[in-house]
Structure formats: structure tokens, C-alpha cells
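**Student:** Just a sequence and a predicted model for now, questions to come.
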Amino acid sequence: MILLICVVWLMVIGSSYESILAGLFVVALLFPVAFYHHSWSFWLGFDYLVEGLPSYDKDVKPTTR
């Protein structure tokens, strides 16, 4: 994502490298804040696909201490 923004910035704006770094720094700070809810649901979905929900056997009685 950052690399894509850098390439577009260089091609479209064509400004100095220092201003590109400052802009990328701002994007790197604001992007996670702007898409927090979307990234949270993405990671939960990924975790579900990888690990799945725990399965419980109906025949096994829970142990108590």
C-alpha cells in the first residue's frame, strides 16, 4: 500500500523526496485509524478460517475441579 502511494505520488505530483516521506508518514499514521473496524473484522475472519470454532463432543462430560 505504501509503495503504491509512493509510486503514484512520484508520477502524479513529482515533488521532492522529503515531501513524499512526510506524506507517507501521515498516511501510515492515519490508515490504521481510518480502517480500524474493517481490519478488526478481517483479522477475526482470518482467525476463524485458520483455527475455526472449538468443537465439543456431546458424549464427553465436562470435568470439574
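**Tutor:** Nice, thanks for sending it over. Bear in mind that the values here come from a model prediction, so they are computed numbers and not experimental data.

**Student:** switch to C-alpha atoms for all contacts and neighbour counts from now on
**Tutor:** Noted.

**Student:** okay, which residue is most central for this protein?
**Tutor:** S39 (4.5 Å; CA atoms, centre = their mean).

**Student:** Phi first, then psi, for that one.
**Tutor:** Note on S39: backbone dihedrals following degrees, to the nearest 10 are phi -70, psi -30.

**Student:** can you list contacts of the host helix or strand of L44?
**Tutor:** Take DSSP states H and E as the rule and L44 turns out to sit in helix 36-51. Where contact means CA atoms under 8 Å, 6 or more residues apart in numbering, the residues beyond helix 36-51 that reach it are P32.

**Student:** And it, how far out from the chain middle?
**Tutor:** Counting by CA atoms, centre = their mean, to the nearest Å, helix 36-51 is centred 9 Å from the centre of its parent chain.

**Student:** Let's see it as PDB, backbone CA atoms only.
**Tutor:** Taking Å, rounded to 0.1, in the frame of the first residue of the first chain, the C-alpha atoms of helix 36-51 are listed here in PDB:
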ATOM      1  CA  TYR A  36      -9.700   0.000  12.300                       C
ATOM      2  CA  HIS A  37     -13.100  -1.600  12.200                       C
ATOM      3  CA  HIS A  38     -12.500  -3.200   8.800                       C
ATOM      4  CA  SER A  39      -9.100  -4.500   9.800                       C
ATOM      5  CA  TRP A  40     -10.500  -5.900  13.000                       C
ATOM      6  CA  SER A  41     -13.200  -7.900  11.200                       C
ATOM      7  CA  PHE A  42     -10.600  -9.000   8.600                       C
ATOM      8  CA  TRP A  43      -8.400 -10.500  11.300                       C
ATOM      9  CA  LEU A  44     -11.300 -12.100  13.100                       C
ATOM     10  CA  GLY A  45     -12.400 -13.700   9.800                       C
ATOM     11  CA  PHE A  46      -8.900 -14.900   9.100                       C
ATOM     12  CA  ASP A  47      -8.600 -16.300  12.600                       C
ATOM     13  CA  TYR A  48     -11.900 -18.200  12.100                       C
ATOM     14  CA  LEU A  49     -10.700 -19.600   8.800                       C
ATOM     15  CA  VAL A  50      -7.400 -20.800  10.200                       C
ATOM     16  CA  GLU A  51      -8.400 -22.000  13.600                       C
END
